[in-house]
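J.: Sequence isn't available, so here's the structure alone:
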């Protein structure tokens, strides 16, 4: 695709207002070196030299939306703790509106701490609430969505199934999707939960797609591509959506659209070690491409290019 088409999409994106709804996380990276094992256990002793923070999960999708130039508002809930404050400050630094990020005393902010030694990740420590959002918070978040969604051009749902998207909230999204004409996209660990929502597009990865179709996972990228290419209409029907972009790691993505031939995009050779958050980048760029009225194939190429640039 010619560069001028990407530039045209980016120019239209600047006028878009996008809401991102989903599970908020804080990613922490502790990096150092290790030269010996601990005396009390056969584990490496890591001398931590740096510590960085970054929005994770749906918060990372919001950061990607803002990085591409759109106005982004993040709708979520996290703990009223130090990690929640760090997350909110990180989002603000990336120009994401956090007025609808609810920090509440009955939750702990979901945090993923990655510890690396000599440039090799050795462990990830997860903490925080993954139970279902409590009724007072879910209703407050629902009211915020209902009151403001008319102001947005697109809604991106990023569902890691960590408790934010309750049945109550999904019912509200179903009603809102039928009363408001807008681009609505979803990236979820279980897209079947969102079938009642009038989705414009979905973005499952290969593993999620095989679970949806109840088919075996194949080993090689070529086999995966050929396998998924045969199931486009079934995927669209099962999820009741117009568009499905199936990301296949280094094999790129297969994009299915109703009444159109399937379309393949190719990976920009993202290394596995750099792939954390690649799905968030893809769905953010794909959503913006669709909201900017780009053809589906161009939106898919735009998303593939952004993964290569960001990672």
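T.: On my side now, so go ahead. This structure is a prediction, so every number in the text was calculated from the model and none was measured. Residues are numbered from 1 along each chain as shown.
J.: Which residues are in contact with residue 217?
T.: Neighbour list for residue 217: 206, 207, 210, 224 [criterion: Cβ atoms under 8 Å, 6 or more residues apart in numbering]. Glycine gets a C-beta too; all of them are placed from N, C-alpha and C.
J.: need the helices for this structure, in chain order.
T.: 3-13, 58-67, 82-93, 135-148, 167-179, 206-213, 221-229, 232-239, 278-291, 296-310 (DSSP state H).
J.: Need those helices in JSON lines (columns: mean pLDDT, mean neighbour count and distance to residue 19).
T.: Formatted as JSON lines, the helices of the chain follow (pLDDT from 0 to 100; neighbours: other Cβ atoms under 10 Å; distance: least, Cβ to Cβ, whole Å):
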{"stretch": "helix 3-13", "mean pLDDT": "82", "mean neighbour count": "14", "distance to residue 19": "15"}
{"stretch": "helix 58-67", "mean pLDDT": "97", "mean neighbour count": "27", "distance to residue 19": "9"}
{"stretch": "helix 82-93", "mean pLDDT": "97", "mean neighbour count": "18", "distance to residue 19": "14"}
{"stretch": "helix 135-148", "mean pLDDT": "95", "mean neighbour count": "16", "distance to residue 19": "7"}
{"stretch": "helix 167-179", "mean pLDDT": "94", "mean neighbour count": "16", "distance to residue 19": "11"}
{"stretch": "helix 206-213", "mean pLDDT": "95", "mean neighbour count": "18", "distance to residue 19": "23"}
{"stretch": "helix 221-229", "mean pLDDT": "90", "mean neighbour count": "16", "distance to residue 19": "30"}
{"stretch": "helix 232-239", "mean pLDDT": "96", "mean neighbour count": "16", "distance to residue 19": "21"}
{"stretch": "helix 278-291", "mean pLDDT": "95", "mean neighbour count": "27", "distance to residue 19": "10"}
{"stretch": "helix 296-310", "mean pLDDT": "87", "mean neighbour count": "21", "distance to residue 19": "18"}
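J.: Looking at those, which is nearest to residue 127?
T.: Closest of the helices of the chain to residue 127 is helix 82-93, at 8.3 Å (criterion: Cβ to Cβ).
J.: which outside residues touch the closest one?
T.: Contacts of helix 82-93 (Cβ under 8 Å, 6+ apart): 24-26, 53-55, 59, 62-63, 74, 78, 98, 101, 103, 108-109, 111, 128.
J.: Now, those that are in strands?
T.: Here DSSP state E is the test, and the contacts of helix 82-93 give 24, 25, 26, 53, 54, 55, 74, 78, 101, 103, 111 as lying in strands.
J.: Surely the first one and residue 75 touch.
T.: The one in question is residue 24. No. At 9.5 Å, residue 24 does not count as touching residue 75 under the criterion of Cβ atoms under 8 Å.
J.: tell me, what's touching these two both at once?
T.: Going by Cβ under 8 Å, 6+ apart, residues that sit against residue 24 and also against residue 75 are residue 101.
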